[in-house]
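K.L.:
Quick one, what's the 3D model for this:
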Amino acid sequence: MTIKSAPAVDQVDTSYLEGLIGYNARRAALSVIEVFLERMAIYDLRPVDFSVLSLITHNPGITSRQLCSTLGILPPNLVGMINALEKRELIQRQPHPRDGRATGLHLTAKGQKLMRDAERTAAELEAEVAARLSASEARTLIRLLKKIYL
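P.N.:
As a prediction, the model looks like this:
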């Protein structure tokens, strides 16, 4: 029996994948995350660290439970992250004003400085990434993406 050789692929057909929301969202995310990782390396921040610190920045006193539910992080995974950020002296825990069992998370002065710089860097990155979009298109893209995950 003779086996025919398979034809060579000269042009890759990506039409099926390009019609999938998940494929396009992932490709866009990967291109942004690659640059994000490079730019945040000077701050020693991964995307999840940045997200946690940004939420603490804009919500002083936020609890671990609130962080978990907002970011979709499992509590055991957050504990190590909070401990590491505390060890770096970026955050501190303070008693919650209304719930004696809860602890509020706050930035230290060092954490505030780091986040001012990191958020400025993130804003510059976002502007570069969105340069191919009009302001209206960028707002629409964010609105549509939120419709999927919220």
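
K.L.:
For the residue nearest to the spatial centre of the chain, list the residues it contacts.
P.N.:
By C-alpha atoms, centre = their mean, the chain has its centre lying nearest to Pro47, at 4.3 Å. If you count contacts by C-beta atoms under 8 Å, 6 or more residues apart in numbering, Pro47 has them with Ile33, Phe36, Leu37, Met40. (Each C-beta comes from the backbone N, C-alpha and C, glycine too.)

K.L.:
Roughly how far does it sit from Gly100?
P.N.:
Counting by C-beta to C-beta, to the nearest Å, the gap from Pro47 to Gly100 is 33 Å.

K.L.:
So Val52 versus Ala41, what's the distance?
P.N.:
In terms of C-beta to C-beta, Val52 sits 17 Å off from Ala41.

K.L.:
Same check on Tyr23?
P.N.:
28 Å.

K.L.:
ok, these two, which is more surrounded?
P.N.:
Tyr23 (13 against 10; other C-beta atoms under 10 Å).

K.L.:
Surely the more buried one is within a helix?
P.N.:
Yes - the assignment for Tyr23, made by DSSP: H, G, I helix; E, B strand; the rest coil, places it in a helix.

K.L.:
That one is in contact with Leu17, isn't it?
P.N.:
Yes - counting by C-beta atoms under 8 Å, Tyr23 touches Leu17, with 4.5 Å between them.

K.L.:
Just give me the neighbour total for Cys68.
P.N.:
16.

K.L.:
List the contacts of it.
P.N.:
If a contact means C-beta under 8 Å, 6+ apart, then Cys68 has Leu74, Pro75, Leu78 as its contacts.
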